[in-house]
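>>> Quick one: sequence plus predicted model below, questions after.
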Amino acid sequence: QGQVVESGGGLVQAGGSLRLSCAASGLTVSTYPMGWFRQAPGKAREFVAAISRGGSRTTYSDSVSGRFTISRDNAKNTLYLQMNSLQPEDTAVYYCAAAAAPPFSVLTERGQYPYWGQGTQVTVSS
């Protein structure tokens, strides 16, 4: 059974940066379009960013566009999310997800992703 595991979360001051990683086991990252989602307390899980299988296509939510960058290193079987200019409203548990979909897909809906990690907490203080 394939799984993905997030890491890199933590506590950071507003304006700071963090880089999240998502490592896969039993699942070859290079064969899956992938994405990042987040869930703040009391709110629904929301889309953050997605990347196509080869990395040529990306898409972002309006709230993070221009501040966050999704990337992947298929040789290392790892997905990344570089988060800059973090704000308190970015505080959430961040989840990595993988989708069985055509190679150039960039998927924004939670239901399109069958594989999920356990999440990593990101807390931004003001």
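Alright, I've got the coordinates.
>>> who's in contact with the residue nearest the centre of the chain?
The centroid of the chain falls nearest to residue 36 when counting by CA atoms, centre = their mean (2.3 Å). By CB atoms under 8 Å, 6 or more residues apart in numbering, the contact list for residue 36 reads 20, 22, 48, 49, 50, 70, 79, 81, 94, 95, 96, 97. In this view, the C-beta of every residue, glycine as well, is placed from N, C-alpha and C.
>>> ditto for residue 85
15, 17, 67.
>>> So which bits of stretch 93-112 are buried?
For stretch 93-112, burial by neighbour count (16 or more other CB atoms under 10 Å) applies to 93-99, 101, 105-108, 110, 112.
>>> Kindly report the same for stretch 15-34.
Neighbour-count burial for stretch 15-34 [16+ other CB under 10 Å]: 18, 20, 21, 22, 23, 24, 29, 32, 33, 34.
>>> Which one of the residues you listed is nearest to residue 125?
residue 18 (12.5 Å; CB to CB).
>>> ok, the residue lying closest to the closest one once chain neighbours are set aside - contacts?
Leaving aside its chain neighbours, residue 18 sits nearest to residue 83 (5.0 Å; criterion: CB to CB, 6 or more residues apart in numbering). Contacts of residue 83 were listed using CB under 8 Å, 6+ apart, and they are 17, 18, 19, 20, 64, 67, 68, 90, 122.
>>> please redo it, this time with the cut-off set to 7 Å
17, 18, 20, 67, 68, 90 (CB atoms under 7 Å, 6 or more residues apart in numbering).
>>> Which of these fall in strands?
18, 20, 68 (DSSP state E).
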